[in-house]
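Asker: Would you be able to build a 3D model of this:
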Amino acid sequence: MIMPEDRLVLGIEGTAWNLSAAVFGDSLVSLYSNPYRPSTGGIHPREAAQHHASVLKDVVSKALSGVDPERISGVAFSMGPGLGPCLRTVGTAARSLSQALGVPLIGVNHCVAHVEIGRFACGCTDPVVLYASGANTQVLGYLKSRYRIFGETLDIGLGNALDKFARSRGLPHPGGPLIEDYAKKGTPVEFPYTVKGMDLAFSGLMSAAKDSKAPIEDVCAGFQETAFAMCVEVTERALAHAGKDEVLLVGGVGANSRLQEMLSVMCEERGASFYVPDRKFIGDNGAMIAYTGKIMLEAGQTVSIPGSAVNPSYRSDDVEVLWRKDTGSTMYEKANLIENGSARGAEAVVFESGDNIVKHRLSKNYRNHLLDKRLISERTRAEARLLSLARRGGVPTPVVRDITHDSVVMEKIKGNMLKLVLNDENAYKAGVVVGHLHESGIIHGDLTTSNIIVGSESPGVCYLIDFGLSYISSETESRGVDLHVFFQTLESTAPGQEKLSDAFSKGYKSVFSGADEVLERVSEIKQRGRYLH
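Answerer: Numbering: from 1, shown residues only. Presented below is the predicted three-dimensional model:
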């Protein structure tokens, strides 16, 4: 559908605390918001929905003030993810307006809308996106008609973690801005740091912050430094794995100046461009729904009234992106390759030294120096120890030759990264080697297609590399998360990956007696709602 230049789209956002409406044409015409602010505690879904219902007429009327109703070509609304009562309130209003104006209805994914308004406002093309909001924390990248999720929170969204900590200290909602103010005056406390490949978790950090007896300024500084470093690390890992050269920060937590600073430093060190939209676009707002609704309408992506039911668990990778004509980055095959004797990944520089490979972990200037020193030392020691332990357990890995506080010298494995030679046969072999790893009681922790080498000198053998996030565990949950990371990597970089996943699973089951239970847990992990309150 082609819209005349003078036609406009009305968008209504109301997934959680902010009720907002906007009108978009070639640019933003109007934007008006009336947020719900709980008197105590966090967001109460029914109270928020009641607030939205009570102010909805006023918010829409002010957004439409001075706009000729005849120029409205569509009504867009946030279909999900979000709080069910709030979504239903906004959905009902949008359907009524669509029918009253006689124009199409557009159901917009809230997460995708954050990405699209960010791309519009900043002018970036094909970024890796860190989406950090109250209930969502995801790292996304576009490939072949979908926004693929590289990594996400395994428990609670970053903003919610900040808010729950704030409430434990008697701070009002929203807690993020107050924590930022306190953090500027504090010295960071050491807290748990939980990154699992491209996924992360905040509940342990939040609990430790709640229990800390340190001054609130120091606790807030430690909370921010730890949580934000986790987010930046996962973003950098996605950037290195995908070979993209742009990073976009969106979502309400993205307004934090320290998080912006850390991402900017990381991008500068990697030679990537960093983008963050104006504050009016970065949090939940009607403009992102109106703009995304506009480009969806132009692509013919509308919904019927019967098909417009809201979806509180609507995932960004469920959306078919018909409004983008590009296919996304084709740089995957170039990322992490050793050229001219060296290569740079997310954490380290790897270079050849005779028949050996030296993996040298780099200091990260975006991280607090004490946290940085701790992580480099812990991961270097863990890598050497678990490489050797896995090898003794019959898992093909490089032989460790030497170790320092920040470097591991190991055998050079000749072959190709799995991501460069993906087919059913190699996926099966990869499943076999991971099955042996789990049978040995070891969790890889960063199980991506970049960290499995298909050997060229020993046909039929896959080698596991990069054990910096590895640990000992026989828990089904830990094994499930390990495979979840792998399958997520396939989905984000290998569309049509179902056959590859099946082949991997067959190889995994062929050698590991507990495979069925783990694979069942993977399905459970994938189905868990990420929109948590």
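Asker: For the nearest residue to Thr194 once chain neighbours are set aside, grab the count of nearby residues.
Answerer: Distance criterion CB to CB, 6 or more residues apart in numbering; nearest residue to Thr194, sequence neighbours excluded, is Ala201 at 4.4 Å. Using the backbone N, CA and C atoms, a C-beta is placed for each residue, glycine as well. Neighbourhood size, Ala201 [other CB atoms under 10 Å]: 19.
Asker: Now Ala201. Its backbone dihedrals?
Answerer: Backbone torsions for Ala201, taken as degrees, to the nearest 10, come to phi -140, psi 140.
Asker: now Phe274
Answerer: According to degrees, to the nearest 10, Phe274 has phi -110, psi 140.
Asker: Now do the phi/psi pair for the nearest residue to it once chain neighbours are set aside.
Answerer: Once flanking residues are discounted, Phe274 sits nearest to Cys267: 4.0 Å by CB to CB, 6+ apart. Dihedral angles phi and psi of Cys267 (degrees, to the nearest 10) take the values phi -70, psi -40.
Asker: got the contact list for Cys267?
Answerer: Each residue near Cys267 by CB atoms under 8 Å, 6 or more residues apart in numbering is listed here: 247, 273-274.
Asker: if we go to 10 Å?
Answerer: Residues near Cys267 by CB atoms under 10 Å, 6 or more residues apart in numbering: 128, 232, 235-236, 239, 245-247, 273-275, 366.
Asker: wait, the residue nearest to Thr194 sits on Val195?
Answerer: Yes - Ala201 is within contact range of Val195, at 8.3 Å (criterion: CB atoms under 10 Å).
Asker: shared neighbours, those two?
Answerer: Common neighbours of Ala201 and Val195 (CB under 10 Å, 6+ apart) are Met230.
Asker: ranges for the helices of the stretch 101-250 of the chain?
Answerer: Here the stretch 101-250 of the chain has its helices, by DSSP state H, counting those that start in this stretch, at 110-122, 158-168, 176-183, 203-211, 216-242.
Asker: Could I get those helices in JSON lines, plus columns for mean pLDDT and mean neighbour count?
Answerer: Output for the helices of the stretch 101-250 of the chain, formatted as JSON lines (pLDDT from 0 to 100; neighbours: other CB atoms under 10 Å):
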{"stretch": "helix 110-122", "mean pLDDT": "97", "mean neighbour count": "26"}
{"stretch": "helix 158-168", "mean pLDDT": "94", "mean neighbour count": "24"}
{"stretch": "helix 176-183", "mean pLDDT": "96", "mean neighbour count": "19"}
{"stretch": "helix 203-211", "mean pLDDT": "96", "mean neighbour count": "18"}
{"stretch": "helix 216-242", "mean pLDDT": "95", "mean neighbour count": "24"}
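Asker: Just send the ones you listed back as JSON lines, with distance to Asn34 too.
Answerer: Output for the helices of the stretch 101-250 of the chain, formatted as JSON lines (distance: least, CB to CB, whole Å):
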{"stretch": "helix 110-122", "distance to Asn34": "18"}
{"stretch": "helix 158-168", "distance to Asn34": "20"}
{"stretch": "helix 176-183", "distance to Asn34": "19"}
{"stretch": "helix 203-211", "distance to Asn34": "30"}
{"stretch": "helix 216-242", "distance to Asn34": "29"}
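Asker: Verify the stated contact: Cys111 with Ala132.
Answerer: No - taking contacts as CB under 10 Å, Cys111 lies outside contact range of Ala132: 11.2 Å.
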